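> Got a predicted model here, sequence first, then my questions.
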Amino acid sequence: MILSTNMQKKILMIDIKKVLILFVTVDILLILFSIYLGNNWLISSQFAFFASILITASSFFGYKKMVEKKIASGDIPKEDRDDLEIIDDKHDLYGKEDLNEVIKEERAKITNFKTTALNLGKTATGALSVFRLLSYGALFLSCLYLNRQERLNIPAYLIGLAIVPLTAILSIFFKKIK
């Protein structure tokens, strides 16, 4: 059973909404904690949190757009197998090929410098998207602004930056436990 494009988009939007709700919940906890520690802590953590959200969202949509273009151009082939088959055998380990041969081929692909350089070139559009670069600029400018206003609290800023990636990692970890 192959999911339609509309169904895949709906599932993606549900997952994005769940992640955003999780980020907002963790941010509310950070705000409550920051109020206790003072104004500079609150302002620094929130500037960093929102810069981190911008970077994460722009990275996600940049890479998503890149993958969609590659699928449309045929660089990434669409799967002919149904979803249950893909889930059951993600790496085609039970296929007709000898497992040792597959492992050797994959190791050769990974260790080949030329292949690595080509892959880097192919993913550069996602890594260097305009929105992502602007997001990093916002992070840099927010740090400068807070420093000039003498409101920069480094531990608070670092915690605000770390909230988004740590929450994402923990959500994946807890999703696997279920």
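Ah, there it is. Numbering: from 1, shown residues only.

> confidence score at residue 72?
Residue 72 is assigned a predicted lDDT (pLDDT) of 74.

> Pull out the buried residues from the helix or strand encompassing it.
Counting by DSSP states H and E, the element that carries residue 72 is helix 39-73. Going by neighbour count (16 or more other C-beta atoms under 10 Å), the buried part of helix 39-73 is 40-59, 62-63, 66, 70. Quick note: C-beta positions are derived from backbone N, CA and C, even for glycine.

> And it, what does it pack against?
Under the contact criterion of 3 or more C-beta pairs under 8 Å, 6 or more residues apart in numbering; DSSP states H and E, helix 39-73 touches helix 5-37, helix 113-127, helix 130-148, helix 154-177.

> While we're on the residue nearest to residue 152 when sequence neighbours are not counted, how confident is the model there?
Closest residue to residue 152 apart from its sequence neighbours, by C-beta to C-beta, 6 or more residues apart in numbering: residue 146 at 3.9 Å. On pLDDT, residue 146 comes in at 93.

> any idea how far the residue lying closest to residue 37 once chain neighbours are set aside is from residue 105?
In this structure, residue 37 finds its nearest non-sequential neighbour in residue 156, 7.4 Å apart by C-beta to C-beta, 6+ apart. For residue 156, the distance to residue 105 (C-beta to C-beta, to the nearest Å) stands at 49 Å.
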